[in-house]
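Trainee: Got a predicted structure here, sequence first:
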Amino acid sequence: MTGPGGVMVSAPASGTGKTTVMLGLLRALAEDGLCVQPYKSGPDYIDPAFHRAACGRASFNLDSWAMGPELWAAIAAQAAGADLCVAEGSMGLYDGVASRGQIGFGSSAETAARMGWPVILVLDVSGQAQSAAATALGFARYAPDLPFAGVILNRVASPRHERLTRLGMERAGLPVLGALPRRGDLALPERHLGLIQAVEHPDLETAISGYAAFLRAHVDLGAVRAAASGGMGPAPGRLPDPPAQRIALAQDAAFSFTYPHLLQGWREAGAEIVPFSPLADEAPDAEADLVWLPGGYPELHAGRLAAAGRFLDGLRRHARTRAVHGECGGYMALGAALVDKDGTAHEMAGLLGLVTSYEKRRFHLGYRRAVLETGMPGFAPGTALRGHEFHYSTILEQPDTALARVTDADGTPVPETGSRRGAVTGTFFHLIAAEAG
């Protein structure tokens, strides 16, 4: 017996409108009474919150580079009880970190192939008509064994444009599942890490309802449902164990990037997660075994964080006797100072000597493999971890003991090794999973 069937919503490249299509599709199917399980292919930590807002069910990442078979099976099992799965791809369909045969390692195509989900290609047809079929046909045939459901034409300029584009798809033998007229109000707000966070959207519910109505008017939802197939049956799998029993977790607009499968695993194992807001100047739970500061946007709130006396005092008290860990933005908040884009230095917690700057932006993006030189919460020295780094900050000072030997997906060393001082640790990468022993 397999799990519910699904589809993969992907595109030739970023910026084609697949996220708004995904959100409208999730909401429209949920409005039709279906229980929809959303997924995100790859290491994105912003989109899953939008997915949950659209269909009311937690969304999980599937990542063939970072996840072993057991974790993959455990995350696939989260679809139990759903009627169908809808996954959103990242970047272009075949974009991955390396190649294995015809499909990029870690790509959306690899996720779709592993799950047996047919691909729905969202195609921006601006500036072309019949020629769009050549692009779609190339994607459909690039990996002949990859199931392909059809295309959704996006940014169609006129009825004549749609007719000509459909003629090309008909000649290529590719089903057209929908055609979306060009609309300027469909773009989600963005900032330097991509979309703004779901919690920051000024009127997310209205936006998603609008996407659903738009999709319902222009996409054959019955054909989408009929295309769903694949899925995984029951298989041995286990979500990650918690790094402590009682975890104080920073959660607000400055600290929100934690992968959903980690939190689900912690809860299923019986850990207590006690959220608190540094931006509201809340101290972490005094009874917590561990304080965990996720990534986010501390650079946008550096002044408020520097002035949050109760938060900083509580954090420093905790660190005297118990563990504190920070990821990316959380790591920067544990440091001595953060320099914002205007060149103003803001004093941070000072639990590590790290000084970072956004004044001279430098883009850091990619998978990371880290072999721990010293332990960190939940992991012993020598453990190999897999994660993802995505930020624009530059290290000015990093005087503490290196936490790990860190490389990119190709094995090339990177200088962002993380830090340790006493019970305090931090990394620039966002943890996805430990490698299987």
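Mentor: Noted; the coordinates are in hand.
Trainee: the helices in the stretch 151-300 of the chain, which residues?
Mentor: Assigned by DSSP state H, counting those that start in this stretch, the helices in the stretch 151-300 of the chain fall at 159-172, 204-218, 221-227, 260-268.
Trainee: export those to TSV and tack on mean pLDDT and distance to Arg362?
Mentor: C-beta here means a position set from N, CA and C on the backbone, and glycine is covered the same way. Shown next, in TSV, are the helices of the stretch 151-300 of the chain (pLDDT from 0 to 100; distance: least, CB to CB, whole Å):
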stretch	mean pLDDT	distance to Arg362
helix 159-172	98	41
helix 204-218	95	31
helix 221-227	98	41
helix 260-268	97	27
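Trainee: how about JSON lines for the ones you listed, with mean neighbour count and distance to Val36 added?
Mentor: Converted to JSON lines, the helices of the stretch 151-300 of the chain look like this (neighbours: other CB atoms under 10 Å; distance: least, CB to CB, whole Å):
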{"stretch": "helix 159-172", "mean neighbour count": "16", "distance to Val36": "26"}
{"stretch": "helix 204-218", "mean neighbour count": "18", "distance to Val36": "12"}
{"stretch": "helix 221-227", "mean neighbour count": "16", "distance to Val36": "10"}
{"stretch": "helix 260-268", "mean neighbour count": "19", "distance to Val36": "15"}
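Trainee: Please convert these to JSON lines, extending it with distance to Gly233.
Mentor: Formatted as JSON lines, the helices of the stretch 151-300 of the chain follow (distance: least, CB to CB, whole Å):
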{"stretch": "helix 159-172", "distance to Gly233": "34"}
{"stretch": "helix 204-218", "distance to Gly233": "30"}
{"stretch": "helix 221-227", "distance to Gly233": "20"}
{"stretch": "helix 260-268", "distance to Gly233": "19"}
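Trainee: which ones are touching the residue nearest to Gly106 when sequence neighbours are not counted?
Mentor: The shortest distance from Gly106 to any non-neighbouring residue, by CB to CB, 6 or more residues apart in numbering, is to Trp65 (3.5 Å). By CB atoms under 8 Å, 6 or more residues apart in numbering, the residues touching Trp65 are Gly96, Val97, Phe105, Gly106, Tyr367, Arg386, Ala409.
Trainee: Now for the residue nearest to the second one when sequence neighbours are not counted, how many residues are close by?
Mentor: Once flanking residues are discounted, Val97 sits nearest to Ala409: 4.1 Å by CB to CB, 6+ apart. Counted by other CB atoms under 10 Å, the residues lying close to Ala409 total 18.
Trainee: Just say helix, strand or coil for Ala409.
Mentor: The three-state assignment at Ala409 reads coil, by DSSP: H, G, I helix; E, B strand; the rest coil.
Trainee: Could you report the distance from it to Thr383?
Mentor: Distance, Ala409 to Thr383, using CB to CB, to the nearest Å: 18 Å.
Trainee: residue ranges with poor pLDDT in the protein?
Mentor: Filtered on pLDDT under 70, the chain yields the residue ranges 1, 98-104, 185-186, 189-196, 198-199, 437.
Trainee: Quickly list the domain ranges of it.
Mentor: Taking automatic domain parsing as the reference, the chain has its domains at 6-227, 246-434.
Trainee: would you turn those into CSV with distance to Ala235?
Mentor: CSV is the format used below for these (distance: least, CB to CB, whole Å):
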stretch, distance to Ala235
domain 6-227, 4
domain 246-434, 15
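Trainee: wait, which of the ones you listed is closest to Gly237?
Mentor: domain 6-227 (3.2 Å; CB to CB).
Trainee: Now do the end-to-end distance for that closest one.
Mentor: 8 Å (CA to CA, to the nearest Å).
Trainee: and Arg141, what are its phi and psi?
Mentor: phi -100, psi -10 (degrees, to the nearest 10).
Trainee: before we move on, back to that, so the residue nearest to Val97 makes contact with Leu365?
Mentor: No: using CB atoms under 8 Å, Ala409 makes no contact with Leu365, being 11.1 Å away.
Trainee: those strands in the stretch 151-300 of the chain, which residues are they?
Mentor: Taking DSSP state E, counting those that start in this stretch, the strands of the stretch 151-300 of the chain run over residues 176-181, 190-191, 194-195, 246-250, 255-257, 272-276, 290-293, 295-296.
Trainee: among the ones you listed, which is nearest Gly326?
Mentor: When the strands of the stretch 151-300 of the chain are ranked by proximity to Gly326 (CB to CB), strand 290-293 comes first, at 4.1 Å.
Trainee: what does that closest one contact?
Mentor: For strand 290-293, contacts defined as CB under 8 Å, 6+ apart pick out 243-244, 246-250, 255, 258, 278, 284, 315, 318-319, 322-327, 329-331, 333-334, 377.
Trainee: ok, how many other residues are close to the closest residue to Gly353 other than its chain neighbours?
Mentor: Leaving aside its sequence neighbours, Gly353 sits nearest to Pro399 (CB to CB, 6+ apart; 4.0 Å). Per other CB under 10 Å, the neighbour tally for Pro399 reads 11.
Trainee: Just say helix, strand or coil for Pro399.
Mentor: With three-state DSSP as the criterion, Pro399 was assigned coil.
Trainee: Likewise for Thr417?
Mentor: coil.
Trainee: And for the one 3 residues further on?
Mentor: When the structure is split into helix, strand and coil by three-state DSSP, Arg420 lands in strand.
Trainee: what's the distance between it and Ala73?
Mentor: From Arg420 to Ala73 the distance is 33 Å (CB to CB).
Trainee: Look at those two and report which has more neighbours.
Mentor: Per other CB under 10 Å, whichever of Arg420 and Ala73 has more neighbours is Arg420, with 22 against 17.
Trainee: The more buried one and Ala433, how far apart?
Mentor: 21 Å.
Trainee: Same question for Ala66.
Mentor: Separation of Ala66 from Ala433 (CB to CB): 6 Å.
Trainee: what do the two both touch?
Mentor: Shared contacts of Ala66 and Ala433, defined by CB under 8 Å, 6+ apart, comprise Arg386.
Trainee: helix/strand/coil for the residue nearest to Gly106?
Mentor: Trp65 - assigned by three-state DSSP - is coil.
Trainee: Redo the strands of the stretch 151-300 of the chain as CSV? Include distance to Ala87.
Mentor: Formatted as CSV, the strands of the stretch 151-300 of the chain follow (distance: least, CB to CB, whole Å):
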stretch, distance to Ala87
strand 176-181, 16
strand 190-191, 21
strand 194-195, 17
strand 246-250, 26
strand 255-257, 20
strand 272-276, 26
strand 290-293, 27
strand 295-296, 23
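Trainee: Tabulate the ones you listed (a markdown table), appending distance to Thr394 and mean neighbour count.
Mentor: Listed next are these as a markdown table, based on distance: least, CB to CB, whole Å; neighbours: other CB atoms under 10 Å:
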| stretch | distance to Thr394 | mean neighbour count |
| --- | --- | --- |
| strand 176-181 | 40 | 22 |
| strand 190-191 | 18 | 11 |
| strand 194-195 | 20 | 16 |
| strand 246-250 | 23 | 23 |
| strand 255-257 | 19 | 23 |
| strand 272-276 | 29 | 17 |
| strand 290-293 | 20 | 27 |
| strand 295-296 | 16 | 28 |
